[in-house]
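**Student:** need a structure here:
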Amino acid sequence: MVLRELKSEETILLRDFLYEAIFIPKGMDPPPRDIIERTELKIYYEDFGSGKADYCIVAEDEGKVVGAAWTRLMDDYGHVDEETPSFAISLYKEYRGQGIGTRLMKDMLALLKEKGFKRASLAVQKANYAVRMYEKVGFKTVDENEEEFIMICDL
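**Tutor:** Numbering: from 1, shown residues only. Now for the predicted structure:
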């Protein structure tokens, strides 16, 4: 497994990984794929690479990109302020639970620190098993609503 930065010609992959990132509670059917065309979700990938906090690290297995962690300054679910990049992370199902997500998160946090950012944020559904991974890499809950935790990691 190789971790590397996303190449500019690969930004189309963020659409797939955004869909994969949608948490589906047990017993629920996945939403239609075109859900990622909604305005509130397009901000995760549209014109990626044009913003000052647009960074993405991918996990590549035998030449195939199997996961991604990316950040942007955007008014998304995890938005806290105009200086804090929001995180998105996703792995194809068959690659989950192997520590790849943790490696992606740690590498992205190190990259953000190197680029001068002070913290990163994300939103995660309370029932999502990934909450434990986020806490393990340093994210702390700073706010919550009925369904989600808003978490911040100081860099």
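**Student:** thinking residue 61 is in contact with residue 3, fair?
**Tutor:** No - in terms of C-beta atoms under 8 Å, residue 61 does not count as a neighbour of residue 3; the distance is 10.6 Å. Every residue, glycine included, has its C-beta placed from N, CA and C.
**Student:** got any ranges where this structure has weak pLDDT?
**Tutor:** By pLDDT under 70, the chain has no low-scoring segment.
**Student:** can you give me the helices in it?
**Tutor:** Taking DSSP state H as the test, the helices found in the chain are 13-21, 39-42, 100-114, 130-136.
**Student:** other SSEs contacting the last one?
**Tutor:** Taking 3 or more C-beta pairs under 8 Å, 6 or more residues apart in numbering; DSSP states H and E as contact, the helices and strands that helix 130-136 lies on are helix 100-114, strand 119-125, strand 148-154.
**Student:** which stretch among these comes nearest residue 133?
**Tutor:** Across the helices and strands packed on helix 130-136, residue 133 has its closest neighbour in helix 100-114 (5.7 Å, C-beta to C-beta).
**Student:** Counting by contacts, list what the closest one packs against.
**Tutor:** Counting contacts by 3+ C-beta pairs under 8 Å, 6+ apart, helix 100-114 is packed against strand 2-5, strand 55-61, strand 64-72, strand 86-91, strand 119-125, helix 130-136.
**Student:** Distance from the last one to the middle of the chain?
**Tutor:** This points to helix 130-136. 13 Å (C-alpha atoms, centre = their mean, to the nearest Å).
**Student:** pull the CA atoms of it into CSV?
**Tutor:** Provided in CSV are the C-alpha atoms of helix 130-136 (Å, rounded to 0.1, in the frame of the first residue of the first chain):
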residue,chain,number,x,y,z
ALA,A,130,-15.1,6.0,12.3
VAL,A,131,-15.6,8.2,15.3
ARG,A,132,-13.1,6.1,17.3
MET,A,133,-10.5,6.4,14.5
TYR,A,134,-10.9,10.2,14.5
GLU,A,135,-10.5,10.3,18.3
LYS,A,136,-7.4,8.1,18.0
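**Student:** Quick check: residue 58 touching residue 3?
**Tutor:** Yes - contact criterion C-beta under 8 Å: residue 58 and residue 3 qualify, at 7.2 Å.
**Student:** overlap in contacts of the two?
**Tutor:** Common neighbours of residue 58 and residue 3 (criterion: C-beta atoms under 8 Å, 6 or more residues apart in numbering): residue 104.
**Student:** Pick out whichever of those two has more residues nearby.
**Tutor:** The neighbour comparison of residue 58 against residue 3 (other C-beta atoms under 10 Å) goes to residue 58, with 21 against 16.
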